[in-house]
Every structure is written in C-alpha cells, then in structure tokens.
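Student: structure of the sequence below:
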Amino acid sequence: MYQKVTKYIRKLTKPNVIVGFTNCLTRYERPMKRKLRQRNQSWISRQLRCAQKEGMPLSFFINFPSIRAVSCNGERLKRRGRLNPDWDRALFHPGWGEVPMVGPKGTIYWFVGFDKEQLPVELEPFWKEA
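Tutor: Residues are numbered from 1 along each chain as shown. Coordinates of the predicted model:
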C-alpha cells in the first residue's frame, strides 16, 4: 500500500505536470493580486480622507456605494410603477404620519410623509391630533 501511494505521489510531482502549472499560475496571479490590493487600499484611503474631512464615521463612506445602489433601485422601481405604499406599516406622529414605500419583494426603500387628508378611511382611528 505504501509503495502504491509513494508511486502515485511521484507521478503527481513530476516537474512538467504540477510544478509547471503552478509556476504559470503564480506568474500571472501575483501582479493581479497586487493590482487589486493597491486599488482597494487607495479606495479605502480616499474614503478615510473624506471621512476625516467631513467629520463623519468611516463606516458611512465605506457603505455609501451600497446605500446609493439601493436608492437607485428604488428610483427605478418608482419609474416603473412598482413601488407602493404599505399602509399596514404606517407610523403615526402628532399631526402627521409616514408610510413606507415598498417594492415587490417587500423591501422598504424610503418613507413618505402624509397628513390626515391623504390617510385611507380605515386608518383614520389611528390618527394622532397635534
């Protein structure tokens, strides 16, 4: 059994089979990894400079692209008429209220304020007077 395993390992470690293949990968892989790492580090450095300049937390600037993408998706759904108010999740405050605008999958994109005239009849008992 031991001889079969060592014979198989020798067969796998022939220079033209594995070593040549891995050398080929590392030759092209290293510059690409370096390029990606440098790009990511410079992006994070720019975000850090913006955060320090504006006096805001770094996490806001790191997460801003995803926040912007969600907002753009909401605008796209709004243009297509797929955003609807979810009156079951409406929030009532003294003198005004807000209703979430929800997409087809149930994602809340933003809240819209409303007053008593815009309120559906069945939700009027929940209205809080100012």
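Student: contact partners for the residue nearest the centre of the chain?
Tutor: By CA atoms, centre = their mean, the chain has its centre lying nearest to Ser66, at 4.0 Å. Contacts for Ser66 were tallied using CB atoms under 8 Å, 6 or more residues apart in numbering; there are none. (C-beta placed from N, C-alpha, C; glycine too.)
Student: what about it, which helix or strand?
Tutor: Assigned by DSSP states H and E, Ser66 belongs to helix 58-79.
Student: how about that helix: buried residues?
Tutor: Neighbour counts over helix 58-79 (16 or more other CB atoms under 10 Å) mark 61, 74, 77 as buried.
Student: how distant is the longest helix seen in the chain from the center of its chain?
Tutor: Using DSSP state H, we find that the single longest helix of the chain is helix 20-54. Distance, stretch centre to chain centre, for helix 20-54: 20 Å (CA atoms, centre = their mean, to the nearest Å).
Student: output the contacting helices and strands for it.
Tutor: helix 58-79 (3 or more CB pairs under 8 Å, 6 or more residues apart in numbering; DSSP states H and E).
Student: next, the angle from the helix it packs on to helix 20-54.
Tutor: Orientation check (axes from the mean of the first three to the mean of the last three CA atoms, to 10 degrees): helix 58-79 against helix 20-54 gives 90 degrees.
Student: following element in sequence after helix 58-79, please.
Tutor: Using DSSP H and E, the helix or strand that directly follows helix 58-79 along the chain is strand 84-85.
Student: name every strand pairing with whichever helix or strand comes after that following strand and say which way it goes.
Tutor: Counting by DSSP H and E, the element after strand 84-85 in chain order, helix or strand, is strand 91-93. Partners of strand 91-93 in the sheet, by DSSP bridges, are strand 96-102 (antiparallel).
Student: list the contacts of the partner strand.
Tutor: 74, 78, 83-87, 89-91, 108-115, 119, 127.
Student: list the buried ones in the longest helix of the chain?
Tutor: 47, 51.
Student: quick check: mean pLDDT across that helix?
Tutor: For helix 20-54, mean pLDDT is 82.
Student: list only buried entries from the contacts of strand 96-102.
Tutor: Members of the contacts of strand 96-102 classed as buried by 16+ other CB under 10 Å are 74, 83, 85, 90, 109, 114, 119.
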